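Chemist: Provided below are the primary sequence and the corresponding predicted coordinates.
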Amino acid sequence: MPPTVKLSSGKKVINCYHANIGACNGCDLEVFNLLSACLQKKKNLDIKLVRSAKSADILLASGSLSRSVLKKIKDLKESISGSKTIIAIGTCAIDGGPWRNSFNVVGGIDKALNVNCFVPGCPPTPDAILQGIELALGAKKKQFSSHVYKEK
């Protein structure tokens, strides 16, 4: 379990590093929706983005792993310690998404990093991402409700 810092109000602060490795930004928007929801709802969990992966407790990865990004992901892997929690967000990060059969896509992020939790969806809702974080931290049992975005 990653270390957490307690504030005077009893909140747990979790430092996250968000890595977009080739996503369409749908998952990224949902991550930012989660962060703004955590700020507004004043929950017991406070999620903050940090600038470097070295100072993060959790790595949030979105997007499919392409051959051109593989070297940068290996550099990212060297910069994080083995005890970091890694969460794959969205269908693309899990298996390559709609581009999984493309010539330049290797697959999901688990081909390069040891993933602790997979959050399904295209894009997953902020609640699903929060469930994934809680599941990776061991604060919640496995229970996901799938959500598929449909245009109106």
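Modeler: Nice, I can see it.

Chemist: in its sheet, what does the lengthiest strand in the chain sit against?
Modeler: For the chain, the longest strand by residue count, based on DSSP state E, is strand 12-20. Paired neighbours of strand 12-20 in the sheet (DSSP bridges): strand 5-6 (antiparallel), strand 45-49 (parallel), strand 58-62 (parallel).

Chemist: Can you name the next helix or strand after the last one?
Modeler: The C-terminal neighbour of strand 58-62 among helices and strands, as given by DSSP states H and E, is strand 65-66.

Chemist: got a list of what the most centrally placed residue in the chain touches?
Modeler: Geometric centre of the chain, nearest residue: Leu60, 2.5 Å, by CA atoms, centre = their mean. Leu60 is in contact with 16-19, 31, 87, 89, 129, counting by CB atoms under 8 Å, 6 or more residues apart in numbering. (Each C-beta comes from the backbone N, C-alpha and C, glycine too.)

Chemist: Just the closest of the residues you listed to Gly138, please.
Modeler: Nearest to Gly138 out of these is Ile87 (CB to CB; 13.1 Å).

Chemist: what bridges to that closest one?
Modeler: Assigned bridge partners for Ile87, using DSSP bridges, are Leu60, Cys117.

Chemist: For it, report the pLDDT, please.
Modeler: At Ile87, the model reports a pLDDT of 91.

Chemist: Over to Leu49?
Modeler: So, for Leu49, pLDDT stands at 86.

Chemist: Return the set of residues that bridge with it.
Modeler: Cys16.

Chemist: Do I have it right that it meets Tyr17?
Modeler: Yes. Applying CB atoms under 8 Å as the test, Leu49 and Tyr17 come out as touching, 7.3 Å apart.

Chemist: Pipe the contacts of Leu60 into TSV and attach neighbour count per row.
Modeler: Formatted as TSV, those follow (neighbours: other CB atoms under 10 Å):
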residue	neighbour count
Cys16	21
Tyr17	22
His18	19
Ala19	22
Val31	24
Ile87	23
Ile89	32
Ile129	26
